[in-house]
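Participant: Next input, structure requested:
(2 chains)
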Amino acid sequence: MSRDLRPLAVARYVWEPGTLGFGLLVLTLIVSAIGDKVIERAVIVALFNTVTVVGLYIFIGNSGVLAFGHLAFAMIGGYATAWFTMSPTKKGFALQLPTFLAETELPMLPAAIISALLAAIVTFIVGIPLMRLGGIAASIGTFAVLMIFYTLYSNWDSWTFGASTLVGIPIYVNLWVALAWAAIALLAATVYQKSRFGLALRATRENEVAAKAVGINVPLQRLIAFVLSGFFVGLGGVLQAHYLGSIVVKAFWLGPTFIALAMLIIGGQRSLTGAVIGVVLVSAVQEVLRQIESIIGLFGLSQLVIALIMLVILIVRPNGIAMGREIPFPSFGSLRRVAAPRGALEPAAAEHAIVPAGGNLDERLEAFDVTVRFGGLAAVDRVTLSVGRREIVGLIGPNGAGKTTIVNVITGFQKPTQGKVVIGGVDVTNLPPHAIGRKGLARTFQAVRLYPDMPVRENLEVAAVGVGLSRVAAGQRAASILDWMEFSHKADARANTLPYGDERRVGIGRALAMAPRYVLLDEPAAGMSDAECDELMRLISRIPQRFGCGVLLIEHNMRVIMGVCDRIHVIDSGRTITEGTPQQIQRDPEVIRAYLGSKSGAAGARGR
Amino acid sequence: MQAVVQNVIDALSLGSLFALTSLGIGLIFGIMRLINFAHGDLIMIGGYALIVPSTAVAATMFIGEWHPGAAVAAVIFIVVVFAIACERLAFRPLRRANPSVLLITSFTLSFFLQNAVIMIYGGRPKGVDLWPLLVEPFMLGDIRLPRLQLVLIGATALLLLLLVLFLRRTAIGRQMRAASEDFLMARFLGVRANRVIAAAFAISGLLAAVISLLFVVQNGVLKFDMGVPLVLAAFVGTVVGGMGSLVGAVIGGFVVGIASVFFQVVLPLDMRLNRDAWVYGLILVILLLRPGGLVKVKAVQERI
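Facilitator: Here you go, the predicted model:
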């Protein structure tokens, strides 16, 4: 990147927190100019709620997993800062803390950070079991977390004053303090979101299976975001305590949890912009309704209306007001190029990124005696096959022969009943899919499984990040592979806008972006026209030489199979029928029988 | 002896309560992947149905004063109507949405219903004295037995039996089972989605109504959030049992109930208030060991 463009790249990087923070700054300036106490109060609350909701967004927005337990972390942060900052006399009045805490009086800033860190540590501990659960079960597990801490803090009289309100917390949060923390939260969320971790986590949100396949450890990525979000939600609790001067466990139960989630979801949980819009909007509506409530004496109205708005949003616009988009970066001519993610660079730099995969080119991917039984039925029965790094091996067989099951076994998505899978002499049979991906095995899916809401370039970047590259290197590799595939012109197209044939090509590109030693292509030609098939054949046949990567090709289209394969492995009803060169296979009577299904042949193959 | 019997009965009756609630949630989850947080509020509505139309600060009963048979029928009717209305108004427009959206929708609906009740009846608890005879214990030899808890256990056993018969013997029950195996395929084969889902909501409403009656008799109090502890326990129960399995939901509900009574008995006095923290902590540990829950279900796993 040339030197004079660097400031623009920085501007692009901080665009979202910059614009959103600026918006909040303007709001703050207006309010402080007006000087109305009621409005000022509402805005301060909205600003520290921004910290909490951005914290929620870091986890929920990027992972797509709903969480209901975060206010427990706010509670932990809030009480911790009370312990650290209240004067010993005031503490002595309500609490019986151990001596070291009872006599401590920390300055506000260290207390805030330590308290938020404490919340993050607790988040980490409860996150270990929770993040191993599947999405919806994890969401429910977060309810359990909320209940655990709510119960503990309600009854922990000596530390929390029980369910009563603990007063005497120093008050220092004003408009500017709240604004500063909101800006920090926005910046942190941006840094995370643009890091390789944020990218990997969004890939798990877009398609969890495909994320595992490119080497992403889903529980680990979720845990990272969970802890970071615990920190900021904890900080939100700290700020609330130092604004109100008091704290009570009830303020962290389901009602407030609902309001915090409503802010995120009404605004749109899939973008930072949405999170901020949601906070501002819901706060405003709440404030107006509260005034009406106290005038007409109808309590519960404001909550009722928020719930109603939320129901309507969920039904008509499930991605919220912002619909998952950020404020667009201005695009005037040449600046547009800078606006693209880092790493889309000159070809010279890109050469580094596309080295053939490492390791010995003579090693093999081997599956020995693989058997998979579903109940009593053997979907795959003692199949042995192997692929070298310089060859293309075809795997063919009639529908239901067990081809995809074999691919699933090799890539770790299906544990075999018997048999093992070895990559370059290393047994990987019992590794999870993401670990196998990191051993140099890539795959595509029959159902393609792109990350629909991401541009093509990012689809490839995810794969490079998944096997451990930095964001910059991943960007370079993605660019060079797209270039090699002659697909660079569509690098910025969103994956869910692509035509079918292109989707499949991007799927292959994504697999190659892992710099794999072997790639398993599951019916890449399905639904392609003849012309597209020709192009595909040209692409596939160049893979081993270019990437040092063996190909296992599953395909029904015989023209493709016969055109590119060095060897072909034929299975039927889960068993190997034969193996050989395309010429041998075409002449083999067993194969002809399996495919054409002459009566005697079918009986012979299945009847045993 | 008295203590042992009492503890066993406590465990079984609390387990029954949670299991019935889990079942109402599990039934709907199996078919449409909706975890219905508002199920707890159906239970709450069943309680408030007893005092309609009075909104006075001190509750006066109307339906609650009727002959018990008529009262039970009326409460079931009201709750079932509410359950079906929730489906029609809130969940049907979202039928294609993913489970997360459905979950947050039900959470929102719950919040809506609770605040509606606060607006009508206020947020303070209301004492009600329903069927006081049921609360009185009776003696069997030397052992004092709590009548209500035995009724609760019996009612649960009966409802489970009826539900099994319903799911196995009736056409609509079989369709519901088919739908929870593979809803799309079931629809291809002629199962009508709207009917099956409405039936599931009706049954879950019926279960909620029964729970609310027993719960009100036991506690003698109406409160806008009285369903929340039940629904939270049942949620956790369905996850522990294995999401998507009805058997798992029942087992999970009992696990939570039994664990609660267990900790109630073994924890030292000053820690007893923290019982729920222990119960849910234990459950996190169980999930750490068995992330898929106790009963694994194939239909929930994604095909690759």
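Participant: where do the strands sit along chain A?
Facilitator: According to DSSP state E, chain A carries its strands in the segments A:166-167, A:246-247, A:364-374, A:377-388, A:392-396, A:418-423, A:426-427, A:441-443, A:518-522, A:550-554, A:567-572, A:575-580.
Participant: just those strands: most buried one?
Facilitator: The highest average neighbour count among these, using mean count of other Cβ atoms under 10 Å in any protein chain shown, belongs to strand A:441-443 at a mean of 29. To be clear about C-beta, it is placed using only N, CA and C from the backbone, and glycine gets the same treatment.
Participant: quick one: it near chain B?
Facilitator: No: Strand A:441-443 stays clear of chain B (Cβ under 8 Å from any Cβ of the partner chain), getting no nearer than 9.7 Å.
Participant: How many residues are close by residue 297?
Facilitator: Using chain A. 8 (other Cβ atoms under 10 Å in any protein chain shown).
Participant: if you could check chain B rather than the one you did, that'd help
Facilitator: A count of nearby residues for residue B:297, using other Cβ under 10 Å, gives 19.
Participant: Redo the strands of chain A as TSV? Include mean pLDDT.
Facilitator: Formatted as TSV, the strands of chain A follow (pLDDT from 0 to 100):
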stretch	mean pLDDT
strand A:166-167	94
strand A:246-247	96
strand A:364-374	93
strand A:377-388	92
strand A:392-396	95
strand A:418-423	94
strand A:426-427	94
strand A:441-443	95
strand A:518-522	95
strand A:550-554	95
strand A:567-572	93
strand A:575-580	92
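Participant: want to try a markdown table for the ones you listed, with distance to residue A:120 as columns?
Facilitator: A markdown table is the format used below for those (distance: least, Cβ to Cβ, whole Å):
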| stretch | distance to residue A:120 |
| --- | --- |
| strand A:166-167 | 22 |
| strand A:246-247 | 19 |
| strand A:364-374 | 41 |
| strand A:377-388 | 45 |
| strand A:392-396 | 48 |
| strand A:418-423 | 37 |
| strand A:426-427 | 36 |
| strand A:441-443 | 35 |
| strand A:518-522 | 39 |
| strand A:550-554 | 44 |
| strand A:567-572 | 51 |
| strand A:575-580 | 53 |
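Participant: And those strands: which comes nearest residue B:55?
Facilitator: For the strands of chain A, proximity to residue B:55 was assessed by Cβ to Cβ; strand A:246-247 is nearest, at 33.0 Å.
Participant: Can you list the neighbours in contact with that closest one?
Facilitator: A:75, A:78, A:79, A:82, A:165, A:166, A:167, A:168, A:169, A:240, A:241 (Cβ atoms under 8 Å, 6 or more residues apart in numbering or on different chains).
Participant: contacting residues for the residue nearest the centre of chain A?
Facilitator: For chain A, the residue sitting closest to the mean C-alpha position, by Cα atoms, centre = their mean, is residue A:201 at 2.0 Å. Residue A:201 makes contact with A:62, A:63, A:221, A:222, A:224, A:225, according to Cβ under 8 Å, 6+ apart.
Participant: With respect to residue B:285, which of the contacts of strand A:246-247 is nearest?
Facilitator: Nearest to residue B:285 among the contacts of strand A:246-247, counting by Cβ to Cβ, is residue A:75 at 22.2 Å.
Participant: Which residue is the nearest non-sequential neighbour of the closest one?
Facilitator: Nearest in space to residue A:75, with sequence neighbours left out and distances taken as Cβ to Cβ, 6 or more residues apart in numbering or on different chains, is residue A:252 at 3.9 Å.
Participant: Let me know whether the one you found touches residue A:73 as I believe.
Facilitator: No: with contact defined as Cβ atoms under 8 Å, residue A:252 and residue A:73 do not form a contacting pair (9.0 Å).
Participant: what touches both of these two?
Facilitator: Common neighbours of residue A:252 and residue A:73 are listed as residue A:237 (criterion: Cβ under 8 Å, 6+ apart).
Participant: These two: which has the busier surroundings?
Facilitator: Neighbour totals were compared for residue A:252 and residue A:73, and residue A:73 leads with 35 against 27 (other Cβ under 10 Å).
Participant: one step back: which pair in the contacts of strand A:246-247 has the greatest spatial separation?
Facilitator: The span of the contacts of strand A:246-247, defined through Cβ to Cβ, is set by A:75 and A:168 at 17.6 Å.
Participant: Give me the more crowded residue out of the two.
Facilitator: Taking neighbours as other Cβ under 10 Å, residue A:75 and residue A:168 compare with residue A:75 leading, 29 against 17.
Participant: Against chain B, how distant is that one?
Facilitator: 13 Å (Cβ to the nearest Cβ, to the nearest Å).
Participant: Could you do residue A:386 as well?
Facilitator: Using Cβ to the nearest Cβ, residue A:386 is found at 23 Å from chain B.
Participant: How about that residue: what's its closest non-neighbour residue?
Facilitator: Excluding the flanking residues, the one nearest residue A:386 by Cβ to Cβ, 6+ apart is residue A:366, at 4.2 Å.
Participant: Quick check: the one you found vs residue A:518, distance?
Facilitator: Per Cβ to Cβ, to the nearest Å, residue A:366 is found 10 Å from residue A:518.
Participant: what sits in contact with each of these two?
Facilitator: Residues touching both residue A:366 and residue A:518 (Cβ under 8 Å, 6+ apart) are A:387, A:423.
Participant: State the pLDDT value of the spatially closest residue to residue A:274 that is not a sequence neighbour.
Facilitator: With Cβ to Cβ, 6+ apart as the criterion, residue A:274 has its nearest non-adjacent residue at 2.6 Å, and that residue is residue A:268. Note on residue A:268: pLDDT of 90.
Participant: Tell me how many other residues surround residue A:268.
Facilitator: Residue A:268: 26 neighbours (other Cβ under 10 Å).
Participant: show me the contacts for it.
Facilitator: Listed by Cβ under 8 Å, 6+ apart, the contact set of residue A:268 reads A:274, A:275, A:277, A:278, A:319, A:320, A:321, A:322, A:323, A:324.
Participant: May I see these arranged in JSON lines, with neighbour count and pLDDT as well?
Facilitator: Putting the contacts of residue A:268 into JSON lines (neighbours: other Cβ atoms under 10 Å in any protein chain shown; pLDDT from 0 to 100) gives the following:
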{"residue": "A:274", "neighbour count": "27", "pLDDT": "94"}
{"residue": "A:275", "neighbour count": "32", "pLDDT": "94"}
{"residue": "A:277", "neighbour count": "20", "pLDDT": "94"}
{"residue": "A:278", "neighbour count": "28", "pLDDT": "94"}
{"residue": "A:319", "neighbour count": "17", "pLDDT": "86"}
{"residue": "A:320", "neighbour count": "25", "pLDDT": "87"}
{"residue": "A:321", "neighbour count": "16", "pLDDT": "89"}
{"residue": "A:322", "neighbour count": "22", "pLDDT": "88"}
{"residue": "A:323", "neighbour count": "13", "pLDDT": "87"}
{"residue": "A:324", "neighbour count": "14", "pLDDT": "83"}
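Participant: Which one of those is nearest to residue B:122?
Facilitator: Nearest to residue B:122 among the contacts of residue A:268, with distances taken as Cβ to Cβ, is residue A:278, at 29.8 Å.
Participant: Nearest residue to the closest one in space, please, no chain neighbours.
Facilitator: Take residue A:278 and drop its neighbours on the chain: the residue closest to it by Cβ to Cβ, 6+ apart is residue A:267, 2.3 Å away.
Participant: Residue B:46 is nearest to which of the strands of chain A?
Facilitator: Of the strands of chain A, nearest to residue B:46 by Cβ to Cβ is strand A:246-247, at 35.4 Å.
Participant: hang on, residue A:508 packs against residue A:521?
Facilitator: Yes: counting by Cβ under 8 Å, residue A:508 does reach residue A:521; the two are 6.6 Å apart.
Participant: Now the common contact residues for those two.
Facilitator: Common neighbours of residue A:508 and residue A:521 (criterion: Cβ under 8 Å, 6+ apart): A:444, A:540.
Participant: what sits up against stretch A:163-179?
Facilitator: Against stretch A:163-179 from outside (Cβ under 8 Å, 6+ apart): A:24-25, A:28, A:31-32, A:40, A:43-44, A:47-48, A:51, A:79, A:81-82, A:85-87, A:90-91, A:93-95, A:108, A:154-155, A:160, A:239, A:241-250.
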